[in-house]
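In: Got a sequence here, can you build the structure:
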Amino acid sequence: MNYLGAALHEPTELTVRCQDDRAVSVKFCDLFDEDGDCVHYAIEACAAGLNARLDGVAAWNWSAGLAPFLEKLSEDFRGWDGERVWQAIDRDLTVRAVFRSGGHVGLTWTLRPWRASVGSWEASVTTWLEAGAQMSALAADVRHFLGQEAGHGG
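Out: Numbering: from 1, shown residues only. Take a look at the predicted model:
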């Protein structure tokens with residue numbers, strides 16, 4: 001997989017591309033501070049025939065966030081049974097993780113605007129990553145993008 005991470009200086013965006021199909025990607029972008037406890041960002045899901053964007057996803061510093069979820073997956077690089085799930089507090093972003101033989105993790109990113117009426121739209125893409133180094137790099141890059149230091153929320 002050709003994982004494209006955030007730059008080490010200004011984390012303006014972060015793109016994850018699927019190793020099985022490079023047209024499938026998820027991009028974190030347009031980060032802005034709400035206050036000391038929360039940042040917001042947009043996430044885009046792309047695949048053949050699909051371009052979905054969800055604005056205003058909230059990352060709260062006091063909650064169990066996406067970065068720690070991804071870090072835990074990278075620690076379990078030998079695999080696990082079943083599915084692991086993380087969901088944003090507002091339930092607008094859900095990430096489902098499965099382990100595939102050969103040391104790969106499938107991350108299904110589901111975008112669903114919570115501010116819209118029930119059933120308005122939903123979009124999902126699945127990116128496959130190498131379970132060890134690529135998952136670890138992704139977790140670090142998500143933490144960096146969100147501006148959350150290790151051990152301080154996330």
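
In: Name the secondary structure element that contains the residue lying closest to Leu111 once chain neighbours are set aside.
Out: Spatial nearest neighbour of Leu111, chain neighbours left out: Leu54 (4.2 Å); criterion: Cβ to Cβ, 6 or more residues apart in numbering. Using the backbone N, CA and C atoms, a C-beta is placed for each residue, glycine as well. Taking DSSP states H and E as the criterion, Leu54 maps to strand 50-60.

In: Please enumerate residues in contact with whichever helix or strand comes after that strand?
Out: Per DSSP H and E, the first helix or strand lying C-terminal to strand 50-60 is helix 66-75. With contacts defined as Cβ atoms under 8 Å, 6 or more residues apart in numbering, helix 66-75 is touched by 59, 84, 86, 88, 93, 95, 97, 105, 131-132, 135-136, 138-139, 142-143, 146, 148, 154.

In: ok, of the residues you listed, which come out buried?
Out: Buried by 16 or more other Cβ atoms under 10 Å: 59, 84, 86, 88, 93, 95, 97, 105, 131, 135-136, 138-139, 142-143, 146, 148, 154, out of the contacts of helix 66-75.
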